[in-house]
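Colleague: Sequence unavailable; structure follows:
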C-alpha cells in the first residue's frame, strides 16, 4: 500500500520533533544524546518495517531461533526484568504490527476467541498489578501478536514452502551446535541429575533443552511436509532425511521426556493423516525395537513414571519428577479450594510469591514452575 501524503506529514513532523528533542538534550548529557539518537533510529526503523510488513514477518519468524541464542546478553533492567535481545526483538514486533495497523490500515486476521483471551488476561493482571505480572503479560502479547498478521504475509502455498525451507535451514544451526555440545567442543548450558550422577543435556546452546524442543516440534513436521512434494529434487530429499535424522538424535540427547513423546507422536500422526498406514506400522515396529535396543536409556529417563504407575510413589510425592508432582498438587489443591472468582481471574502476584516461598518450591520465576505461575497469576482466563 502506497504511503498517503497525510501519513508522510505525520512521520516528518514526529521525526522533526524527535530530532529537536535530541539537540536540546545534547546540552544536558552525552548519555541522553545517545539514548535520544537510539530512540529516534529505533522509531524510524520500526516505521520502515511497518511499511514492509511482509519482509518483517519473514525476518522475525526466521531469525527468532538465532535471536534466542543470545539469551546471555543482558543490557539493563527495567521493573525487575532483564532487557535483552529477545525482549527488544519482541517489543519491536508489537510496535511494528501496531504501526502497520495505524498507518497502513491493514486488515488484521481477527479472531473473537483470541481477542477475549487477551482481554481477560489483561484484566487479570490489572486486578493484581506488579512488575512480574506485566512482564508475563508482555511475553504473552509478543507470542500472540503474530497470529494477527502472519496469515496476511504467508498466505500462498509457494511462499509457505519457501518459508519452511528457510526455517529448516535456520534450525539446522542449533541442531549442529547440539552435537558440538555432545562432543565436548561447546559447554553444556543445562545439567541434570540422572541415575545418581550429573549429566549434561544438549540444548543447541539455548538456556534450556526445551528451547530446542520447541523449534524441533515445528521443524520435523515441516520436513515431512516438504518430503510429500513430488517436485523436490533427490538432493533436497536427502538433505531433509539427513536433517530429520540429526534432529531426532539431538532430541534423544536433550533427555526431554515430553519432547521425545510429542515429536514421536507427531511423526506417527503425520503418516496416519496422510494415509501412509504401512509406514506408520513400520515406524511403530522401529520405535519398539529402538526402545528395546536403548532399554537402559529409556528406563532411566522414565523411571519416575514407572514408579507412579506401579503405585510405588504418589503423584503428589516430592520424589515424582523431581518434586514437580508436589508443585502441581499444592497449586491445584489451593486453586480449586477457592471460589469461582479466583478460578477465573487468579490469585495475583503477591499471593503467588508467598505460596512459592512457604511451600519450599522456590521463586515463581523458576522455569519449572512457569505453568503453575501462569495459572495462579491469571487464572483460567489467562
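Modeller: Cool, the structure landed. The structure displayed is predicted, hence computed values, not measured ones.
Colleague: Every contact and neighbour count from this point should use C-alpha atoms.
Modeller: Noted.
Colleague: what's the helix or strand harbouring residue 59 in contact with?
Modeller: In the assignment (DSSP states H and E), residue 59 maps to helix 53-67. Counting contacts by Cα atoms under 8 Å, 6 or more residues apart in numbering, the residues outside helix 53-67 that touch it are 49-50, 85-86, 93, 96-97, 100, 146, 149-150, 153-154, 163, 166-167, 170-171, 215.
Colleague: can you do 7 Å?
Modeller: Residues from elsewhere that reach helix 53-67 (Cα atoms under 7 Å, 6 or more residues apart in numbering): 49, 85-86, 150, 153, 167, 170-171.
Colleague: Ok, stretch 230-243 next?
Modeller: Applying Cα under 7 Å, 6+ apart, the external contacts of stretch 230-243 come out as 223, 227.
Colleague: Okay, strands next: where are they in this protein?
Modeller: All strands of the chain, identified by DSSP state E, fall at 74-78, 81-84, 190-194, 197-201.
Colleague: Figure out which of these is closest to residue 247.
Modeller: Nearest to residue 247, of all these, is strand 197-201, at 14.4 Å by Cα to Cα.
Colleague: taking the mean pLDDT, what do you get for the closest one?
Modeller: Average pLDDT, strand 197-201: 83.
Colleague: Is there a neighbour count for residue 77? I'd like the number.
Modeller: 10 (other Cα atoms under 10 Å).
Colleague: There's contact between it and residue 135 in this structure, I believe.
Modeller: No - here residue 77 lies out of contact with residue 135, judged by Cα atoms under 7 Å, at a distance of 11.9 Å.
Colleague: before we move on, back to that, please indicate which of the contacts of helix 53-67 are buried?
Modeller: 49, 85-86, 150, 167, 170-171 (16 or more other Cα atoms under 10 Å).
Colleague: Tell me which of the contacts of helix 53-67 fall in helices.
Modeller: Residues from the contacts of helix 53-67 lying in helices, with DSSP state H as the criterion: 49, 85-86, 150, 153, 167, 170-171.
Colleague: Just the closest of those residues to residue 226, please.
Modeller: With Cα to Cα as the yardstick, the closest approach to residue 226 among the ones in helices among the contacts of helix 53-67 comes from residue 167, at 11.9 Å.
Colleague: Reformat the strands of the chain into CSV and put distance to residue 286 next to each item.
Modeller: Compiled in CSV, the strands of the chain are given as follows (distance: least, Cα to Cα, whole Å):
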stretch, distance to residue 286
strand 74-78, 45
strand 81-84, 43
strand 190-194, 26
strand 197-201, 25
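Colleague: Ok, which of these comes nearest residue 181?
Modeller: Closest approach to residue 181 among these (Cα to Cα): strand 197-201, 8.6 Å.
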